[in-house]
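Peer 1: With the sequence up front, the predicted model follows.
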Amino acid sequence: MDIFTMTATSKGRVLPGTVCAGVNTKGEKVYIGRCHHIDMVCKVPWDQMPLFVPGIITPSQGVLTFCDYNSSEKELTLNTSEEYQVVSAGYKPTIFYWKSSEGYTEKDINYFPKDVLIPDLSGRVNKHYILFVARVEAPVIKESKVVGYYDKSKLPADFDGPLVGTGQAWYDEDIPVQGHKTPIRTFKVHVPYDGKIFEVPKFQFLCFNKLPALSVYMLTATSWVTLSDGHLPPNAFAAGVAPNGEVLYVGRKKHQYEMMSGYIVPSEKCLHICYRSDEHCYNSDYEALTIEEQDGFEWGVYSNGEVPANALVVDGLAKDNTLYVGRTVTGSDIISTATAWHKVPINLPYERVANTQLLGKIEPSRRCLYVPWNGKEYRYQSYEVLMLKMRPKSLKDLCHNVIITATMGVSDKIDQLPLPVNLKDFCKKIEPH
């Protein structure tokens, strides 16, 4: 399930693309996140607990709320954390939907839905159970019971739900774990409400369907090429301008366990990146971004950590603390709009300021763009993001995209459409992963 971006944030903040769980009883949107269980007040032994526990982010409260599972149901407690990770689809087009638990009962050996979302992506799965995200509707909640250290009580008569909480899938102990097709002995779902934990008999799984990239974005081949003797490869992507008028190119380099983006200065045969308030320059072992069809990309203006779903990821994968390729806003005064570390002002010739575009990394969790210059790292609240153009190349692709998006690429759904057989076959060539 590498489609998800798990980005660290805190105090109720959510990032663009964060999966919305629904609306709480106060009409506020709540979001899906996860909490590292080492950071929790959790009594479950390390080897009997997934690394991450899903929870619900309520922005107005500034916390992620989760159920703290212990070895005994009577010790089940409700906890919160100001530090958590948000769950999002990253830059890959994905449809999220809720699937009823009807047919997945405790009476029979059964299975997870094929595409159920499991927020623990660490690969560590408890041999007895796994946690997932679930939702329950108002009529079902009223049939639930309060569990844990809480007084027996019921939801108010005018409660209209829904609520989102944590589901537990308990494996059949006599059958080894084999991914989502592992037989399940029991499902339990717990949702928080009014400081209590309710256990519900019926629920919905949060599932996903990953769409082919062609269904939304214009496809164009990109690659990162290691430079030889500092010479730029063909199709290197020019994206910035230095104060002296020299064209700058997009480059990247692994630094302190992370792939950082910055700019290549051809005359210096050097890559400039920044990290922890300082600029770092590399004369070897760095990569340049190459794009075959460069008109397939464009720049969009964003701010405060926001990036569009089609933004180019620096390392090509959606990972924790994902970084994106960015630059200063075209025509802006990059001297006055910068926030320098240690109150060091950015030093650029004023006559070149309007025509200068410095490249760097956008870090959504820090809500800004960082650019290197003259030995320092500078921060910008507003910036431009490098992103795929959201348009198909031809009318044939447009028809294909509309059908794939409407049916989520599922063959059975495509077959049900009143379309010519050859068009259906064409659309079924690209299946969801």
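Peer 2: Yep, that arrived. Residues are numbered from 1 along each chain as shown.

Peer 1: in what helix or strand does the residue nearest to Ser223 when sequence neighbours are not counted lie?
Peer 2: Spatial nearest neighbour of Ser223, excluding adjacent residues (Cβ to Cβ, 6 or more residues apart in numbering): Thr290 at 5.3 Å. Any C-beta I mention is one placed from the backbone N, CA and C, and that applies to glycine too. Using DSSP states H and E, Thr290 falls within strand 287-291.

Peer 1: Kindly export that strand (C-alpha atoms) in PDB.
Peer 2: This file holds the C-alpha atoms of strand 287-291, laid out as PDB (Å, rounded to 0.1, in the frame of the first residue of the first chain):
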ATOM      1  CA  GLU A 287      21.400  13.900 -10.000                       C
ATOM      2  CA  ALA A 288      19.600  16.100 -12.500                       C
ATOM      3  CA  LEU A 289      15.900  15.900 -13.300                       C
ATOM      4  CA  THR A 290      15.300  15.100 -17.000                       C
ATOM      5  CA  ILE A 291      11.900  15.300 -18.700                       C
END
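
Peer 1: Which SSE is immediately downstream of it?
Peer 2: strand 297-303.

Peer 1: tell me which residues in that next one are buried?
Peer 2: 297, 299, 302 (16 or more other Cβ atoms under 10 Å).

Peer 1: List the strands paired with it, with their directions.
Peer 2: strand 382-388 (antiparallel) (DSSP bridges).

Peer 1: pull the CA atoms of stretch 52-59 into CSV?
Peer 2: Output of stretch 52-59 as CSV, limited to C-alpha atoms (Å, rounded to 0.1, in the frame of the first residue of the first chain):
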residue,chain,number,x,y,z
PHE,A,52,1.0,2.4,14.5
VAL,A,53,-2.6,2.9,15.8
PRO,A,54,-5.2,4.8,13.7
GLY,A,55,-7.1,7.7,15.1
ILE,A,56,-9.2,10.7,14.3
ILE,A,57,-7.8,14.2,13.9
THR,A,58,-10.2,17.0,15.1
PRO,A,59,-8.6,20.3,14.0
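
Peer 1: want to try CSV for the buried residues of strand 297-303, with pLDDT and distance to Val30 as columns?
Peer 2: As requested, the buried residues of strand 297-303 are arranged in CSV below (pLDDT from 0 to 100; distance: Cβ to Cβ, whole Å):
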residue, pLDDT, distance to Val30
Phe297, 89, 34
Trp299, 94, 33
Tyr302, 91, 24
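
Peer 1: Can you tell me which of those comes closest to Ser60?
Peer 2: Tyr302 (23.9 Å; Cβ to Cβ).

Peer 1: ok, that closest one touching Pro308?
Peer 2: Yes: Tyr302 lies in contact with Pro308 (Cβ atoms under 8 Å); the separation is 7.2 Å.

Peer 1: Quick check: neighbours shared by these two?
Peer 2: Each of Val385 lies in contact with both Tyr302 and Pro308 under the rule Cβ atoms under 8 Å, 6 or more residues apart in numbering.

Peer 1: The strand holding Thr290 vs strand 382-388, what angle?
Peer 2: The directions of strand 287-291 and strand 382-388 differ by 60 degrees, with axes from the mean of the first three to the mean of the last three Cα atoms, to 10 degrees as the criterion.

Peer 1: Show me what strand 287-291 is packed up against.
Peer 2: Contacts defined by 3 or more Cβ pairs under 8 Å, 6 or more residues apart in numbering; DSSP states H and E place strand 287-291 against strand 222-226, strand 247-255.

Peer 1: so what secondary structure elements neighbour the last one?
Peer 2: In this structure, strand 247-255 makes packing contacts with strand 238-241, strand 258-265, strand 270-275, strand 287-291, judged by 3+ Cβ pairs under 8 Å, 6+ apart.

Peer 1: same check, this time on the first one
Peer 2: Other elements packing on strand 222-226 under the criterion 3+ Cβ pairs under 8 Å, 6+ apart are strand 287-291.

Peer 1: Residues contacting the strand it packs on, please?
Peer 2: Residues contacting strand 287-291 (Cβ under 8 Å, 6+ apart): 220-227, 232-237, 249-253, 264, 297, 325.

Peer 1: where are the low-confidence patches of the stretch 101-250 of the chain?
Peer 2: The model of the stretch 101-250 of the chain has pLDDT under 70 over residues 103-112, 114, 120-129, 138-142, 148-162, 170-185, 210-220.

Peer 1: in it, which spans are strands?
Peer 2: Using DSSP state E, counting those that start in this stretch, the strands of the stretch 101-250 of the chain run over 129-136, 145-147, 163-171, 184-193, 196-200, 204-210, 222-226, 238-241, 247-255.

Peer 1: Please produce CSV containing the ones you listed, extended by mean neighbour count and distance to Cys281.
Peer 2: Below are these laid out as CSV (neighbours: other Cβ atoms under 10 Å; distance: least, Cβ to Cβ, whole Å):
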stretch, mean neighbour count, distance to Cys281
strand 129-136, 24, 44
strand 145-147, 15, 58
strand 163-171, 24, 47
strand 184-193, 22, 50
strand 196-200, 21, 54
strand 204-210, 21, 39
strand 222-226, 15, 17
strand 238-241, 20, 16
strand 247-255, 21, 10
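
Peer 1: Could I get the average pLDDT for stretch 341-352?
Peer 2: Mean per-residue pLDDT for stretch 341-352: 77.
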